[in-house]
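**Student:** The sequence and its predicted three-dimensional model are supplied below.
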Amino acid sequence: MTLTEKAQGPFFWPRRPAFFHNTTSGPLWRKATHLRWRKWFEKTFSGGHYIPVSRPEEWPQALKTIQAFRPDTLFVGGGDGTIHHLLQLHMLPDCPVAMAPLGTANVLSYHLRGKRDFSFYSHRNPLSPVSVRLGESSGRFFLLMAGIGFDGRAAQKVNPRTKRLFGSLAYPLAASATFVYGPGAPVSLSFQRNGVEVESRQSSWAVLRRFPFYFPPFPAHERTGIPDHAFQLDLFTGKNRRDLVFFFLGAALGKSGNFWRRESVRTEKLSIKEGVAGQMDGESTFFLPNSLSVSSRSITLLFSEQGLRRTGLPMSTEPGSKEV
């Protein structure tokens, strides 16, 4: 029986967890929170295994140590970038993952729990294991969101020093600079289903989102009749900055229609006809042609009931985890 099978059920609480702690994640002013999480883990789980890491070269050995420990849960202390980089190291596929929000934006932690405050774990709220399918980009996996067009150019403008000193403020500052600078070169896209190209489009601004996690303020969309193994791509169809403001307002309010200058497309594979700036989980990257698709690989995440509601996942009352 795998660790995931042991954890299956409508509610779950760790008994023998490990804590992968990226001590350098997040802004400088969050250091006290790092210490608080460490003390909480060591006090709550006397049989747990705490592994701190401060440099990328320490990560592979830390994962080997955790794997030898055979935990029933892996707490990941860090942010969205931490969990993304762990995926590239083939982190424990059979071990349910819980997030300790110690990064800058902590989007994944917010979606898993529906809140960011420390009390969620300290009050021992029940958790539900859900197996989540991953996206893939040229052999690299991503979990939360990939962005191109406006998203990609904004990610390139994020200043690491500003992010370290001021946290999430670095993102709106970079987005504002991108807004002033303009749309840049158009992005040429090809949508494919079952290996066949069904449509080709060009857009100066594009936001690519991967189910089931959306970067705020974008809410989950209705999924009736839509296969899980698909991307959702939001295309901005306006002509100027005013229309772009309405696009983001419409996305924040969950609205659709021509007034919002937005078109949503579901596709199993996205081909980018030329290399283009992009971002994965808030980190700047460069997408090569034919690079984005849906992977069969999955990991098990631990959701709260509020997190399940926020992401639109079913709240099963029967034993067994749900793959999405």
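**Tutor:** That came through fine.

**Student:** got the buried residues for whichever strand or helix holds Trp59?
**Tutor:** Using DSSP states H and E, Trp59 falls within helix 59-69. For helix 59-69, burial by neighbour count (16 or more other CB atoms under 10 Å) applies to 59, 62-63, 66-67. Yep, even glycine has a C-beta here, placed from its N, CA and C like the rest.

**Student:** wait, which of the residues you listed is closest to Gly282?
**Tutor:** Checking the buried residues of helix 59-69 against Gly282 by CB to CB gives Trp59 as the nearest, at 18.6 Å.

**Student:** Val53 is in contact with the closest one, correct?
**Tutor:** Yes. Using CB atoms under 8 Å, Trp59 is in contact with Val53, at 5.7 Å.

**Student:** per-residue confidence for Ser46?
**Tutor:** Here the pLDDT value assigned to Ser46 is 90.

**Student:** Let's have the buried residues of helix 59-69 in TSV, adding pLDDT.
**Tutor:** Below are the buried residues of helix 59-69 laid out as TSV (pLDDT from 0 to 100):
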residue	pLDDT
Trp59	95
Ala62	96
Leu63	94
Ile66	95
Gln67	93
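
**Student:** Output these in TSV, with distance to His84 appended to each entry.
**Tutor:** As requested, those are exported to TSV (distance: CB to CB, whole Å):
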residue	distance to His84
Trp59	12
Ala62	16
Leu63	14
Ile66	18
Gln67	19
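
**Student:** with those in mind, which one is nearest to Leu112?
**Tutor:** Closest to Leu112, out of all of the buried residues of helix 59-69 and judged by CB to CB, is Ile66, at 19.5 Å.

**Student:** gap between that closest one and Asp243?
**Tutor:** Going from Ile66 to Asp243 by CB to CB, to the nearest Å gives 48 Å.

**Student:** ok, now Asp72?
**Tutor:** Distance from Asp72 to Asp243, counting by CB to CB: 50 Å.

**Student:** Setting the sequence-adjacent residues aside, check what's closest to Phe41.
**Tutor:** The shortest distance from Phe41 to any non-neighbouring residue, by CB to CB, 6 or more residues apart in numbering, is to Phe19 (4.9 Å).

**Student:** following the helix holding Trp59, which helix or strand comes up?
**Tutor:** Counting by DSSP H and E, what follows helix 59-69 is strand 73-78.

**Student:** For that following strand, name the packing helices and strands.
**Tutor:** strand 17-22, helix 31-44, helix 80-88, strand 97-101 (3 or more CB pairs under 8 Å, 6 or more residues apart in numbering; DSSP states H and E).

**Student:** Name the surrounding residues that touch it.
**Tutor:** For strand 73-78, contacts defined as CB atoms under 8 Å, 6 or more residues apart in numbering pick out 7, 14, 16-23, 25-26, 34, 37-38, 41, 66, 82-83, 86, 91-92, 95-100, 102-103, 302.

**Student:** Filter the residues you listed down to the buried ones.
**Tutor:** With burial judged by 16+ other CB under 10 Å, the buried subset of these is 7, 14, 17-23, 25-26, 34, 37-38, 41, 66, 82-83, 86, 91-92, 95-100, 102-103, 302.

**Student:** Could you point out the longest strand of this structure?
**Tutor:** strand 292-303 (DSSP state E).

**Student:** How far does it sit from its chain's centre?
**Tutor:** In terms of CA atoms, centre = their mean, to the nearest Å, the centre of strand 292-303 is found 11 Å from the chain centre.

**Student:** try stretch 124-143
**Tutor:** On CA atoms, centre = their mean, the centre of stretch 124-143 falls 8 Å from the chain's centre.

**Student:** for stretch 233-241, same thing?
**Tutor:** Per CA atoms, centre = their mean, the centroid offset for stretch 233-241 relative to its chain is 23 Å.
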